[in-house]
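J.: Coordinates for the following, if possible.
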Amino acid sequence: MSKRQEELIQKMSRKEITAHLVFTQVFLLSIAFLLSWFLFDSFAEKWLDLVTGISFSHWLLYGVLPGFLIVLIDLLLVYFLPRSFYDDGGINQKVFEGQTYPAIFWLTLLVAVCEEALFRGAVQTEFGFWTASILFALIHFRYLKKVVLLVSVLTVSFFIGYIFMITENLLVTITIHFLIDFSLAILIFSRKKESSIERV
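T.: Reported below is the predicted structural model:
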């Protein structure tokens, strides 16, 4: 991310950045539905297949457990590596630091649903694992100059794509994606809260 972009982000209010995030996610979801409308043999039936047919035990095994393992690895990296390694230009901090817990929950759920619907539901279903995984990583272009963040998003992208290849179920990948994003957002929120207490 360029210095100019970082300065622009810092000038924007949390409300403006949040609105931009919501708009972007709705746009991605619209692309997912538009692509699938033309590419799926049966639009409604295919989407229904993608979100049903998974047992609770398989959801736990392929969705919840991997999600928590990735979060654990992320937390260890955050603990041992300098904070600058995880600096994305201030976007995540600006979005989440002043939110309530319910707002964080719904925002991260929106991101997980919309991005998984596009990259796994539409793109991977029709164009394959490699295309979807690489495109997913590319939309996080702001990480290109941050080695740890770039490796992290690439690894997670290919891992989630692999899980989708095994399960062919979006609820599983949405769960993994949500757990990662929600945990990161709560970490940002907690750090901000701690720093506010320290200043008092």
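J.: The helix ranked longest in the chain packs against which elements?
T.: In the chain, taking DSSP state H as the definition, the longest helix is helix 170-199. Here helix 170-199 touches helix 43-51, helix 56-59, helix 65-80, helix 91-96, helix 101-116, helix 147-167, going by 3 or more CB pairs under 8 Å, 6 or more residues apart in numbering; DSSP states H and E. C-betas here are computed from N, CA, C, even on glycine.
J.: Contacts for the fifth one next, please.
T.: Read that as helix 101-116. Residues outside helix 101-116 that contact it (CB atoms under 8 Å, 6 or more residues apart in numbering) are 18, 21-22, 25-26, 28-29, 32, 95-96, 99, 136, 139, 160, 170, 173-175, 177-178, 181-182, 185-186, 189.
J.: do the same with the last one
T.: Contacts made with helix 147-167 from outside it, assessed by CB under 8 Å, 6+ apart, are listed as 54, 58, 62-63, 66, 70, 74, 77, 81, 85-86, 88, 116, 119-120, 124, 129, 132-134, 136-137, 140, 143-144, 170, 172-173, 176-177, 180.
J.: Pretty sure Leu39 sits against Gln124.
T.: No - using CB atoms under 8 Å, Leu39 is not in contact with Gln124, being 11.8 Å away.
J.: more crowded one of the two?
T.: Counting neighbours by other CB atoms under 10 Å for Leu39 and for Gln124 shows that Gln124 has the greater number, 24 against 14.
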